[in-house]
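[1] Give me coordinates for this.
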Amino acid sequence: MLRGINRQNIFEEREDYERFKECLSGVKKKCGIKLFGYCLLSNHIHILTGTDREPIGTSLKRICVSYVFWYNRKYNRQGPLFQDRFKSEPVEDDIYLLSALRYIHQNPVKAGICSRLRDYQWSSYIDYMDGGDGFTDTGDVLNMFSLKNSDQIRLFEKFMNEENDAVFADIGERVYTSDEVIREKIIKVCGARSVGEFQLLSHDERLKAVRALRDEGISIRQIVRMTGEPFGIVRKSN
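    Take a look at the predicted model:
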């Protein structure tokens, strides 16, 4: 799991999600990564993967360096984008792998972003349901459910949609106000359409906007994530 520094967004618009997938795809092919699942959310990323050519940390560093270089150039910013080192957990057996994959796919629903797994565009779930772009290596997982092609997707879908309270490598928070609603509020208050644009505002403009967002009832962590402002400054803004 990777998350944005200060919990800020790492994806602002469709092009950003697509670019990260391109970076992941490039390293996947070059370094022999097997991608069992993924989910890209606005301020954090889940990847379920394996590799036998190099340490997974090295592969993830390649992906992040490539994406951050592109992101910083696009949004006219400098410095790190991701928070510290990635969080990780080893997958010891097939049952654990399937449970971790279910947890990853259920993230958007539990975060209130969508009501059904199939409705979220930026996860590997649609690849497994035979409606994606083939980006994910689905064969090994589907074969765990059945060797009959006619049964695989049905059994996979049933398992992925079962209720499950397991917690894997995560940030321990849920989003209660949609990003779109918060983004519209930020645009209304100061005109900034992304974290990068917000950070280009003067100190007084940023502080005024943060105060307005807090007055709207937006949580401190959500403001930090959507604006890139340090947690301490947002907390003391009122």
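[2] roughly how far is stretch 3-17 from the heart of the chain?
    Centroid displacement of stretch 3-17 relative to its chain, using C-alpha atoms, centre = their mean, to the nearest Å, is 8 Å.
[3] Need the mean per-residue confidence for it.
    Stretch 3-17 comes out with an average pLDDT of 90.
[4] How about Lys30: what's its closest non-neighbour residue?
    Nearest non-adjacent residue to Lys30, counting by C-beta to C-beta, 6 or more residues apart in numbering: Arg62, 7.9 Å away. Bear in mind the C-beta positions are built from the backbone N, C-alpha and C, glycine included.
[5] could you list every residue that touches the one you found?
    Applying C-beta atoms under 8 Å, 6 or more residues apart in numbering, we find Arg62 in contact with 27, 30-31.
[6] Now do the helices in the protein.
    All helices of the chain, identified by DSSP state H, fall at 14-31, 56-74, 94-110, 125-128, 139-145, 149-160, 179-190, 195-199, 203-215, 220-227, 231-235.
[7] Figure out which of these is closest to Phe86.
    Nearest to Phe86, of all the helices of the chain, is helix 56-74, at 5.6 Å by C-beta to C-beta.
[8] between the closest one and helix 14-31, what angle do the directions make?
    Going by axes from the mean of the first three to the mean of the last three C-alpha atoms, to 10 degrees, helix 56-74 is angled at 140 degrees with respect to helix 14-31.
[9] Make CSV out of the helices of the chain and add distance to Asn6.
    What follows is the helices of the chain, written out as CSV (distance: least, C-beta to C-beta, whole Å):
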stretch, distance to Asn6
helix 14-31, 17
helix 56-74, 15
helix 94-110, 20
helix 125-128, 29
helix 139-145, 34
helix 149-160, 32
helix 179-190, 15
helix 195-199, 10
helix 203-215, 13
helix 220-227, 5
helix 231-235, 6
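[10] Out of these, which gets nearest to Cys39?
    Ranking the helices of the chain by their distance to Cys39 (criterion: C-beta to C-beta) puts helix 94-110 first, at 4.8 Å.
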